[in-house]
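**Q** Sharing a sequence plus its predicted fold:
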Amino acid sequence: MSDEQRVPQLLPESDPLDLARSPAEGFLLSRIDGYTPWSVLRHIGGLSPDEVDACLWRWLAEGHVACAGEDESKPDAAVAEPAAAEPADPDVEAFVVPGLDISADRQRQILRFEASLDRSYWALLGVGPDDDERAIKRAYFKLSKQYHPDRYYRREIGEFGGRLERIFKKLVEAYELLSDPGTRAELQRSMGAVDPAGAPAPRETPEELPPRGAGVPESTPTAPSKRDRQRQALDRLRKHFQIPEGVLAERRFRARQFFRSARLAVHRKSWMEAASSARLAIAFDPWNPEFKEGFADILAEVHKFRAEELLERARLDSNGSVEALHLYEEALTFRPCDPEVNDRAAQVALEANDLEKGREYAETACELAPEVAGYHLTRARVLRTAGSYDKAKEALDEAFRLDQKLPGVVEELERLRPKKRRR
């Protein structure tokens, strides 16, 4: 398994306060959340990559840490426990709602992803700090198609509509901040040692970790679970690793200045300028909710403007060129679940002879709006050109069932029949 696939997680019975031999190891432990890949931990773990590897392998061998999806040949202590613990998560099962137009497994996936939204932007998109803009865009586009609220348009999904809104908003935020190299660099400076819970905790002696049990009442009405105690221990570890107050205050002051600039640009309806300033405000102070809420409002306008501009440029290029396909793909970055844009991208991909992309976009359009006959016709054309004649016939039958007078269906059937006879 590659480092990108290997995701370390602490086993429920492991106490982080017992494992850390130094503040640096404590910092690394505080970043092991069951979602952040090994490859990302090597860059944000507070140690050199080789030292991070050594610590993780030691904790794996000792049975304190496991990696999701590891081979069954690994020691039982490192593998069996997390597999058994996963289905028993009451935080997930308590919110699964029967009877919705969304499967229980898909609900669990959404719930788990929503519960992990406080991860770093890199971990959220599943990319590493050294990944380039293309890798970041691919990761975002894949996730945005999975979690875009419009994917479930006209379906009964209850409160999961709001959950998907929150997830997609966070994915857009992560993409917009990481896709800009300057903002990404500032984020790395800000987030490397800032506690995501909010303001820094009072500085404690860095040479020693907090005593076990510090800040925990001697008796409580209900005994906390092992997982709760582990989370409390991780929270105490995180409070040890804060950037100095003076530096933090300066960065917050600069963040406030950038956000004021963003507001002025919004007043002028200079959306691109507003987005640029808001990005920097978040990069200098990533934990300020006011900045993120303002950024989301700005991005809604920016994405509308970008998408319309790209679609207009693509429409003007009527030759089915590779450049037109790129324009549609860029527009889909902002409107990934727009069936009309997916269908048009599929048609242009077919004209450009990129059948793999044409099939992907055509199938997405049909999935998003299965009642539109024209989308099934586009899919049939792509499948026929790719040589999938039986599937093309099925798509044509569906198009004809939906609209018997749809232009192009009869002609497409005529093109398809000779192909079937030659097979």
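**A** Looks like it came in fine.
**Q** Just give me the longest helix of this structure.
**A** Secondary structure of the chain read by DSSP state H shows that its longest helix is helix 289-316.
**Q** Remind me what that one packs against, helices and strands.
**A** If you count contacts as 3 or more C-beta pairs under 8 Å, 6 or more residues apart in numbering; DSSP states H and E, helix 289-316 packs onto helix 160-178, helix 245-267, helix 271-284, helix 322-334, helix 339-351. C-beta here means a position set from N, CA and C on the backbone, and glycine is covered the same way.
**Q** so what's I32 up against?
**A** Going by C-beta atoms under 8 Å, 6 or more residues apart in numbering, I32 touches 8-10, 41, 65.
**Q** is it fair to say it lies in a strand?
**A** No. I32: not assigned to a strand; according to DSSP: H, G, I helix; E, B strand; the rest coil it is coil.
**Q** can you tell me how far it sits from G63?
**A** Noted for I32: a distance of 14 Å to G63, by C-beta to C-beta, to the nearest Å.
**Q** Pull the distance from the helix or strand containing V52 to the chain's centre.
**A** Under the criterion of DSSP states H and E, V52 resides in helix 49-61. Once both centres are worked out by C-alpha atoms, centre = their mean, to the nearest Å, helix 49-61 turns out to sit 26 Å from its chain's centre.
**Q** Also stretch 388-401?
**A** On the basis of C-alpha atoms, centre = their mean, stretch 388-401 sits 34 Å off its chain's mean C-alpha point.
**Q** Now do the buried residues in it.
**A** For stretch 388-401, a neighbour-count test (16 or more other C-beta atoms under 10 Å) marks 388-389, 391-393, 395-396, 398-400 as buried.
**Q** And stretch 107-116, by the same measure?
**A** Of the residues in stretch 107-116, 107-108, 110-111, 113-114, 116 count as buried by neighbour count, 16+ other C-beta under 10 Å.
**Q** What of stretch 261-269?
**A** 261-262, 265-266.
**Q** How many neighbouring residues does the closest residue to D285 other than its chain neighbours have?
**A** With sequence-adjacent residues excluded and distances taken as C-beta to C-beta, 6 or more residues apart in numbering, D285 is closest to A255, at 3.6 Å. Burial of A255 is recorded as 22 neighbouring residues (other C-beta atoms under 10 Å).
**Q** I'd guessed A255 sits against A281; true?
**A** Yes. Proximity of A255 to A281 meets the contact threshold set by C-beta atoms under 8 Å, at 4.6 Å.
**Q** so what sits against both of the two?
**A** Both A255 and A281 are in contact with 288, 291, where contact means C-beta under 8 Å, 6+ apart.
**Q** My guess is Y328 contacts Q347. True?
**A** No. If you go by C-beta under 8 Å, Y328 and Q347 don't touch, sitting 9.2 Å apart.
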